[in-house]
Every structure is written in C-alpha cells, then in structure tokens.
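[1] requesting a structural model of the entry that follows:
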Amino acid sequence: MTRSSSVRSGSYREFWPRYLGEHRRAATRALHYAGTCLGLFLLAGAVAAGDWRLAAAGLICGYAFAWAAHAFVERNRPATFTHPWWSFISDFRMLFTWLAGGRPASRSQPARRQERE
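    Coordinates of the predicted model:
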C-alpha cells in the first residue's frame, strides 16, 4: 500500500489534486459514490425515524466503502488519516460532480469529456 496520503497539504487547493490522484480508478470512485449515497440515505432515515443509530450506521457505511476501495482497489492510504475534514468534503464534491455528468478535474489535470450517446 502506498503512503501518498500521508503527505499533509497546506491548503485545500493543494489537497484537491492529490485527492483526485488517489482516486484514479473507476472502481475506487464507484465504491466512494456507493458508500456516500448509502450514508446519505441512512442519514435521511435517521432524521425521518428519529433514530441516531441510523446516522452512525451512515458514517460507518460511507467510510467502510471508501476504505475498502483504498485497500483493495487503489492500494493506497485514505486521505482521511491526514486531512479528515477535507477528505469528507472532497467525497461529496467528487460525488456531486459525477452526478452532474462530469468527472472532477484539478487545475493540473484537464477534465476529460465523455462522449454521450
């Protein structure tokens, strides 16, 4: 497992390209998306049912999917361990960019246009 996420970034602008680099594989991103979406559904369920255990399950689920992706697909260390808040925000940024029809890009990495059928 590589230790690329053990490097601390001085700013979010510096962190974001590194975060994207640690999510190069489609399977890694897919597991992140699945975990984040399931976590959001569980959080909504927690609010609707008034059961805090669902909210805790949402957090656990989101992190479990992401960490599994890093351990078994990307084979690197999750950014959560060095920048927990920026990593959390970036999971949602990456998800919402994908839901809007794109793939997030950093300044140093131009966005790839996918052809639509």
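[2] next, count neighbours for Ala100.
    8 (other CB atoms under 10 Å). All C-beta spots, glycine's among them, are computed from the backbone N, C-alpha and C.
[3] hey, where'd the helices end up in this structure?
    Assigned by DSSP state H, the chain shows helices spanning 12-21, 26-49, 52-68, 84-99.
[4] which elements pack onto the longest one?
    It refers to helix 26-49. When contacts are defined as 3 or more CB pairs under 8 Å, 6 or more residues apart in numbering; DSSP states H and E, helix 26-49 sits against helix 52-68, helix 84-99.
[5] between the helices of the chain, which one is nearest to Pro78?
    Among the helices of the chain, helix 52-68 comes nearest to Pro78, with 5.6 Å by CB to CB.
[6] keeping just the C-alphas, turn the closest one into PDB.
    What follows is helix 52-68, C-alpha atoms only, in PDB (Å, rounded to 0.1, in the frame of the first residue of the first chain):
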ATOM      1  CA  TRP A  52     -29.500   8.200  15.800                       C
ATOM      2  CA  ARG A  53     -28.200   4.700  15.200                       C
ATOM      3  CA  LEU A  54     -29.000   5.100  11.500                       C
ATOM      4  CA  ALA A  55     -26.900   8.200  11.400                       C
ATOM      5  CA  ALA A  56     -24.000   6.300  13.000                       C
ATOM      6  CA  ALA A  57     -24.500   3.500  10.500                       C
ATOM      7  CA  GLY A  58     -24.400   6.000   7.700                       C
ATOM      8  CA  LEU A  59     -21.000   7.300   8.800                       C
ATOM      9  CA  ILE A  60     -19.600   3.800   9.200                       C
ATOM     10  CA  CYS A  61     -21.000   2.700   5.900                       C
ATOM     11  CA  GLY A  62     -19.600   5.600   4.000                       C
ATOM     12  CA  TYR A  63     -16.100   5.100   5.500                       C
ATOM     13  CA  ALA A  64     -16.200   1.400   5.100                       C
ATOM     14  CA  PHE A  65     -16.800   1.600   1.300                       C
ATOM     15  CA  ALA A  66     -14.200   4.200   0.900                       C
ATOM     16  CA  TRP A  67     -11.500   2.500   2.900                       C
ATOM     17  CA  ALA A  68     -12.200  -0.800   1.200                       C
END
